[in-house]
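J.: Next input, structure requested:
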Amino acid sequence: MKATVGIIANPESGRDIRRLVAHASVFDNMEKVSIVERLLLVLQDLGVKKVIAMPETFGIVPGAVNAIGEHLKMEVKMLSMRILGDWRDTYNATMAMNDRVDVIVVIGGDGTNRIVAKACDDTPIMPISTGTNNVFPYMIEATIAGEAIAAIATGIVKVGEGTYKAKRVELFEDGSLRDIALIDAAATLHSFVGSKAVWKPEYLRELIVSRCSPSNIGLSAIAGVLREISEDDDVGLYLELGEGRLIKAPIAPGVFKKVGIRDFRELQLGEEIEVKTSPSLFALDGEREAEMAGTITARVTRNGPRVIDYRKTLKIAAERGFFEGNSEL
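T.: Numbers count the residues shown, from 1 in each chain. Okay, the predicted model is just below:
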């Protein structure tokens, strides 16, 4: 298969209610067009032969193609699929790309990447941040991202050399896998999905995170002020919230809230813990998504998506002459 890259650009990322209840920036779709424009030009220059993209309501990829005009020689094809205007577009596009592309580029936030992770096989992904909390995706210039994507897609750097398997939180209902989160899963007392975002800590009861840091924003920041756990660490963290130690954490952009910590402890990879709050409406990667009841258990694993380590990939690519002026690319 010739070097082929898939692009999933979410027109809704960076636009939820946290622009009203917090102080999050609006990530304009025209900036996403600009990101894709730079990506396409770099991919073309570095040997990628074809791009397959998800159609969506705004027309992000077509807008980039039109902006580049005659300078774009690489084939860019839109998937033939019905546009539903919600998360199903991302899921369906990922499923369609799995056996057709070498890399999937995800332009969105934690929520977008979570949907891709649910549908993706072992195809490497490059997550580019355009969301709200953005713990999982990279805050990276599209030009640099494009270099790493091209190095993997063309085979200059092998998948096993330049990628890693991400962690995820797995939720089970009566023994059956019900849903996942890439960063954090929170058992809440909310009655409705509503606007999805969570910004009132009094509704939180338990939190399971795959990674956390005081430099994060969102629910994982609650865990992050207690202990830092990186993507490389083979552990997660469980927190029971309520009366106890009082901490302050940035649960949304510009918003610090006091949160009571009743108890917390590390979870080894694969270690199962029973969630006490049942029934519960779970917030997954910061958004209310899954109503669960019965016996609810959770664990942190490395069953997440395969992610390009762009720093490692670019180092190897440079050592192999990928950027030499006399290369065939």
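J.: Would you pull up how far stretch 220-237 lies from the middle of the chain?
T.: 17 Å (C-alpha atoms, centre = their mean, to the nearest Å).
J.: What's the end-to-end length of it?
T.: 10 Å (C-alpha to C-alpha, to the nearest Å).
J.: Give me the residues contacting that stretch.
T.: 133, 135, 164, 166-167, 169, 183-184, 201, 204, 207-216, 239, 241, 247-251, 259, 261, 264-269, 300, 302 (C-beta atoms under 8 Å, 6 or more residues apart in numbering). All C-beta atoms are positioned from the backbone trio N, CA, C, and that covers glycine.
J.: where's Trp87 relative to Ile316, distance?
T.: 35 Å (C-beta to C-beta, to the nearest Å).
J.: Let me fix that, I meant to ask about Lys118.
T.: Taking C-beta to C-beta, one finds Lys118 at 30 Å from Ile316.
J.: can you give me the helices in the stretch 1-150 of the chain?
T.: Along the stretch 1-150 of the chain, the segments classed as helices by DSSP state H, counting those that start in this stretch run 18-21, 29-45, 60-68, 87-97, 110-119, 142-153.
J.: can you list those helices in CSV and add distance to Gly175 and mean pLDDT?
T.: Compiled in CSV, the helices of the stretch 1-150 of the chain are given as follows (distance: least, C-beta to C-beta, whole Å; pLDDT from 0 to 100):
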stretch, distance to Gly175, mean pLDDT
helix 18-21, 35, 42
helix 29-45, 40, 97
helix 60-68, 41, 98
helix 87-97, 24, 97
helix 110-119, 19, 96
helix 142-153, 37, 98
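J.: Quick check: which of these is nearest to Gly321?
T.: helix 142-153 (11.3 Å; C-beta to C-beta).
J.: just to revisit the earlier point, are any of the contacts of stretch 220-237 buried, and which?
T.: Buried by 16 or more other C-beta atoms under 10 Å: 133, 135, 164, 166-167, 169, 183-184, 201, 204, 207-213, 216, 239, 241, 249-251, 259, 261, 264, 267, 300, out of the contacts of stretch 220-237.
J.: Just the ones in strands from those residues, please.
T.: Counting by DSSP state E, the buried ones among the contacts of stretch 220-237 place 164, 169, 184, 204, 207-209, 239, 241, 249-251, 259, 261, 264, 267, 300 in strands.
J.: Neighbours of Ser34, how many?
T.: 16 (other C-beta atoms under 10 Å).
J.: Correction: the previous question concerned Asp174.
T.: Neighbours of Asp174 (other C-beta under 10 Å): 11.
J.: didn't it look like it was pressed against Thr297?
T.: No - applying C-beta atoms under 8 Å, one finds Asp174 not in contact with Thr297, separated by 9.1 Å.
J.: Find the centremost residue of this structure, please.
T.: Asn113 (3.0 Å; C-alpha atoms, centre = their mean).
J.: Relative to Ala53, how far out is that one?
T.: For Asn113 relative to Ala53 (C-beta to C-beta), the value is 17 Å.
J.: Likewise for Val209?
T.: 32 Å.
J.: Where does pLDDT dip in the stretch 201-329 of the chain?
T.: Low-confidence segments of the stretch 201-329 of the chain (pLDDT under 70): 326-329.
J.: ok now do Glu161, which residues does it touch?
T.: Lys312, Thr313, Ile316.
J.: Pretty sure it sits in a strand.
T.: No - applying DSSP: H, G, I helix; E, B strand; the rest coil, one finds Glu161 to be helix, outside a strand.
J.: That one and Val42: what is the separation?
T.: Following C-beta to C-beta, the distance that separates Glu161 from Val42 is 20 Å.
J.: picking that back up, how about the helices of the stretch 1-150 of the chain in a markdown table, adding distance to Gly321?
T.: A markdown table is the format used below for those (distance: least, C-beta to C-beta, whole Å):
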| stretch | distance to Gly321 |
| --- | --- |
| helix 18-21 | 45 |
| helix 29-45 | 15 |
| helix 60-68 | 27 |
| helix 87-97 | 29 |
| helix 110-119 | 32 |
| helix 142-153 | 11 |
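J.: Could you list the domains of the protein?
T.: When the chain is parsed with automatic domain parsing, its domains come out as 4-166+305-319, 168-301.
J.: what's the closest of the ones you listed to Gly325?
T.: domain 4-166+305-319 (12.0 Å).
J.: Now that we have the contacts of Glu161, can you turn them into CSV and tack on neighbour count?
T.: Output for the contacts of Glu161, formatted as CSV (neighbours: other C-beta atoms under 10 Å):
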residue, neighbour count
Lys312, 15
Thr313, 26
Ile316, 18
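J.: So which of the residues you listed belong to helices?
T.: Cross-referencing the contacts of Glu161 against helices under DSSP state H gives Lys312, Thr313, Ile316.
J.: got the contact list for the second one?
T.: Contacts of Thr313 were listed using C-beta under 8 Å, 6+ apart, and they are Ala148, Ala151, Ile152, Val157, Glu161, Gly162, Thr163.
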